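Undergrad: here you go, sequence then predicted model.
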Amino acid sequence: MEPEMVVATTSEPTTSAPSLRRQYARNGAAYHERGEGEPLLLIHGVGMRLEAWAPQIEALGVSHRVISVDMPGHGESVPLAKDSSLADFVAWFAGVLDALRLDRVNIAGHSMGALVCGGAAARFPERVRRVALLNGVFRRDPVAKAAVMARAASIEEEGVDVDGPVQRWFSDDEESRTPRLLTRRWLSLMDKDAYATAYGAFAGGDSTYADAWPTVTCPALFLTGSGDPNSTPDMARQMAALAPRGIAHIVEGHRHMVNLTAPEAVNALMRTWLATPETSS
């Protein structure tokens, strides 16, 4: 395991996230593509959409072919069947690679997207150049597990919770105001059934591929905010300790939506990760 880096930042948040032009893969996935070069595929978390990667699309699209995809049932992607598991989302992700004719690719996921990317690195490592997990979860403790399972069970009757995630994911400060408003808007656009399916897979998937990290030999980035109560710094450190080429980065003073609230720091860390040689010397 490489040393951990703790990053302090005073970066300004992204100020806007306009709707991005989408293309459509034959498996029903909607995606946005920008730039040329080595491909980087981005997948967001539950309740979000590909625009949640706007700061990274803009910054990393200068040097890479950046493809941001709507998760099933989010944005304009076709949903998966009700009660699909994390393994089903990982299989869908493989279908995206096939549809876009991507043999080997860098992959980065946020939250639920991080679980999908971890599964991809475990299931088809020959197609993964590098993997990055932003605000990823790993083997929740019993209290956290019970809380997330209860939230998943409540969706059927109560619908999509907008206020709860915003309160957990952000500090109540003026710098986070725009990302908070964007996140609230994206959550409010979600279809309840698609949200329930994705959240159920997220709630039950924190251990699905947890045992695979010692076999993931590509450069692996584990990044989270110091104040994230659910995708905690300890989780990032644990995964990095297990992955042969894992490294943990903790962005001080930020929570769950760190790629929106600290985009300059996150972009810099991702550039370094993308520049890491695929094979160790």
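TA: Sure, I can see it. No experiment lies behind these values; they were computed from the predicted model shown.
Undergrad: show me the strands in the stretch 1-150 of the chain, by range?
TA: 5-7, 23-24, 30-34, 39-43, 65-69, 105-110, 128-134 (DSSP state E, counting those that start in this stretch).
Undergrad: how about the ones you listed in CSV, adding distance to residue 196?
TA: From N, CA and C alone the C-beta is placed, and that goes for glycine too. Listed next are these as CSV, based on distance: least, CB to CB, whole Å:
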stretch, distance to residue 196
strand 5-7, 35
strand 23-24, 24
strand 30-34, 20
strand 39-43, 19
strand 65-69, 20
strand 105-110, 20
strand 128-134, 23
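Undergrad: switch these over to TSV; also include mean pLDDT and distance to residue 166.
TA: As requested, the strands of the stretch 1-150 of the chain are exported to TSV (pLDDT from 0 to 100; distance: least, CB to CB, whole Å):
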stretch	mean pLDDT	distance to residue 166
strand 5-7	37	24
strand 23-24	96	30
strand 30-34	97	24
strand 39-43	98	21
strand 65-69	98	22
strand 105-110	98	16
strand 128-134	98	18
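Undergrad: helices of this protein, start to end?
TA: For the chain, applying DSSP state H gives helices covering 54-60, 86-99, 112-123, 142-158, 163-169, 177-188, 192-204, 233-242, 258-261, 263-275.
Undergrad: skipping adjacent residues, who's closest to the residue nearest the centre of the chain in space?
TA: Taking CA atoms, centre = their mean, the centroid of the chain lies closest to residue 110, which sits 1.3 Å from it. Distances taken as CB to CB, 6 or more residues apart in numbering place residue 134 nearest to residue 110, at 4.4 Å, with adjacent residues excluded.
Undergrad: so what's the residue count around the one you found?
TA: Other residues within reach of residue 134 by the criterion other CB atoms under 10 Å amount to 32.
Undergrad: kindly report the same for residue 127.
TA: When neighbours are defined as other CB under 10 Å, residue 127 has 17 of them.
Undergrad: roughly how far does it sit from residue 56?
TA: Computed as CB to CB, to the nearest Å, the residue 127 to residue 56 distance reads 21 Å.
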